[in-house]
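Undergrad: Sequence and predicted structure below; questions after.
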Amino acid sequence: MSTATEYYVPHAAKWPIVGSIGLATFFYGFANMLNGYSIGKPFFIAGIVIMVIMMIGWFGDVIRESESGMYSGQVDTSFRMGMMWFIFSEVMFFAAFFGALFYARTFAGPWLAGDGGGGAPMTNVILWDGFGYSWPNNGPAGIGGDYVPMGWFGLPLLNTLILLASGVTVTIAHHAIQAGDRKKMVRWLLATVALGFLPSKGYTIGESFDKTQEQWPKVIQYLDYPRMADVLGASVIEGVVQLDNPIGTAYPKLWKPVAFGPEKHIGYALQWFAVALTLLMVKDDPNISSSTHGELIHPAVPLEPFVLEEVSAGQFNEESLTGVWSMLTVSDGPCDEVCQKNLYHMRQVRLSVAQNMDRVQRVILIENNDDLPEEVRLQHEGLRIVSGSTEQLSFLLDQIKRAESELPLVSQAIYLIDPNGNLMMRFANDQDPKGMLKDLKHLLKVSRIG
């Protein structure tokens, strides 16, 4: 219990200075990392280390001062009020996010499409002529209509049950604290953490976040549901990490200065909600090229209408490259060793995506039917063999050359075309096919089309 009767004012205040240095170092490194400078990462890590040292030292001082009887009841009340205002700021933080989402969907989107009175039609003409509003957007190829909402029975139901169950276990742990039963408190708090918030939420974010959603203005990218999931997921992670702390402090052997018991657990009682600062930890990386193995064609290039012939199957045009992900390679004359290696890699990559095989097709462009030997065809069942006149092939190949004009010159590459018919990625013929497989698996996972 506190023994002081006056409001305690600390004498030396070194930790705010240390914290300021840590924040400045953190953001200096973070800004340089965003701009691709190698100096950024060391400063970023150093800033995190300084902030961790600051928190351990500052929290330790507060604990020691409290245990020394320096804090009066008024100080205890101020701690509680501070935490309450912190929770209020968290509520306002998410209110701003969801309010902005409501504004974007209800007002800004329709206005951008020219819907509504006043100057809305002129807004459409000036800012984005021809834009048609629909929610959600479906990636670089266009706007709206192709995404399939996640069903309620699977992951959403599981996360709801986890949330409700964790609320029960953390409440039981709280009652155990009030009763002075530390062992029971630790068991139920461990159960709360073990319920799987971290892996479950991480999987949820991976399922719901689509890095190809860059057709909308950047402000919308920060307001869509997957972005909300990022922030909420970081909040949950922060809450679980903070809840780990009382498990250690419950035993004096692990942290002797702390008397964690029935009368001193306000931090634990409110810790579940103290997550607003996690916004600083939310990573925004809209540039997919930083995490791909192939060479990204950015922005993706929609293929113009063309007409070719598929061997033994009739006409092959731009519509033949929609609805599924397409791996395409071009044979310069007879299919040589490099060409056959490309076909082998395409086949193995498609086989490796297992249950998603039907979402991927393989296409080879040849000029003459004799360019692909019969024995090679037999090895690649399901391969779409496409040919045409020199003029027809040149029209399509010229489109591909223009799309990759800013990339290093390579020959006989493998191209990836998305289900909307956009040429979006290139893999060199000497590239490790494992990288191509990783890229394709990621795209199949986040894609709601094809």
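TA: Okay, I see it.
Undergrad: end-to-end on stretch 60-77?
TA: Taking CA to CA, to the nearest Å, stretch 60-77 runs 19 Å from one end to the other.
Undergrad: Show me how far that stretch is from its chain's centre.
TA: 41 Å (CA atoms, centre = their mean, to the nearest Å).
Undergrad: so what's residue 124 closest to, chain neighbours aside?
TA: Nearest residue to residue 124, sequence neighbours excluded (CB to CB, 6 or more residues apart in numbering): residue 114, at 3.3 Å. Heads up, the C-betas are built off the backbone N, CA and C, glycines and all.
Undergrad: How much space separates the one you found from residue 103?
TA: Using CB to CB, to the nearest Å, residue 114 is found at 18 Å from residue 103.
Undergrad: When these two are compared, which one has more neighbours?
TA: residue 114 (20 against 12; other CB atoms under 10 Å).
Undergrad: My reading is that that one lies in a helix. Confirm?
TA: No. Residue 114 is assigned coil when assessed by DSSP: H, G, I helix; E, B strand; the rest coil, not a helix.
Undergrad: isn't it right next to residue 126, touching?
TA: No. Counting by CB atoms under 8 Å, residue 114 stays clear of residue 126, with 10.4 Å between them.
Undergrad: Quick one: the helices in the stretch 51-200 of the chain, in order.
TA: 73-103, 109-112, 120-127, 155-178, 182-194, 197-208 (DSSP state H, counting those that start in this stretch).
Undergrad: swap in the stretch 301-450 of the chain?
TA: Under DSSP H, counting those that start in this stretch, the stretch 301-450 of the chain gives helices at 337-352, 374-379, 390-403, 433-446.
Undergrad: which parts of the first one are buried?
TA: Across helix 337-352, burial judged by 16 or more other CB atoms under 10 Å covers 339-340, 342-343, 345-347, 349-350.
Undergrad: And the contacts of it?
TA: Contact partners of helix 337-352, identified using CB atoms under 8 Å, 6 or more residues apart in numbering, comprise 327, 329, 331-332, 335, 357, 360, 362, 364, 376, 379-380, 383, 411-412, 414, 429, 433, 436-437, 440.
Undergrad: now the stretch 251-400 of the chain, which segments are flagged as low pLDDT?
TA: Low-confidence segments of the stretch 251-400 of the chain, defined by pLDDT under 70: 251-291.
Undergrad: which one is residue 48 nearest to, not counting chain neighbours?
TA: Looking at residue 48 with CB to CB, 6+ apart, the closest residue is residue 26, at 6.3 Å.
Undergrad: can I assume the one you found is in contact with residue 42?
TA: No. The criterion here is CB under 8 Å, and residue 26 misses it with residue 42 at 11.7 Å.
Undergrad: neighbour-wise, which of these two wins?
TA: Between residue 26 and residue 42, residue 26 has the larger neighbour count (other CB under 10 Å), namely 20 against 12.
Undergrad: who are the neighbours in contact with that one?
TA: By CB under 8 Å, 6+ apart, the residues touching residue 26 are 43-44, 47-48, 50-51.
Undergrad: rerun that using 7 Å as the cut-off
TA: 44, 47-48, 51 (CB atoms under 7 Å, 6 or more residues apart in numbering).
Undergrad: where's residue 110 relative to residue 416, distance?
TA: Going from residue 110 to residue 416 by CB to CB gives 34 Å.
Undergrad: The two: who's more crowded?
TA: residue 416 (23 against 15).
Undergrad: ok, the more buried one - contacts?
TA: If you count contacts by CB under 7 Å, 6+ apart, then residue 416 has 294, 325, 327, 424-425 around it.
Undergrad: so which pair among those is furthest apart in space?
TA: Taking CB to CB as the measure, these span a maximum distance of 12.7 Å, between 294 and 325.
Undergrad: Break this structure into its domains for me.
TA: Domain ranges of the chain: 1-71, 95-286, 291-446, per automatic domain parsing.
Undergrad: The ones you listed into CSV, with extra columns for distance to residue 79?
TA: Output for those, formatted as CSV (distance: least, CB to CB, whole Å):
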stretch, distance to residue 79
domain 1-71, 8
domain 95-286, 7
domain 291-446, 42
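Undergrad: thinking again about what came up before, out of the helices of the stretch 301-450 of the chain, flag the one nearest residue 173.
TA: Among the helices of the stretch 301-450 of the chain, helix 433-446 sits nearest to residue 173 (CB to CB), with 35.8 Å.
Undergrad: Give me the mean pLDDT for the closest one.
TA: What helix 433-446 shows for mean pLDDT is 85.
Undergrad: quick one: it to helix 337-352, angle?
TA: If you take axes from the mean of the first three to the mean of the last three CA atoms, to 10 degrees, helix 433-446 sits at 40 degrees to helix 337-352.
Undergrad: For helix 433-446, buried residues please.
TA: 433, 436-440, 442-443, 446.
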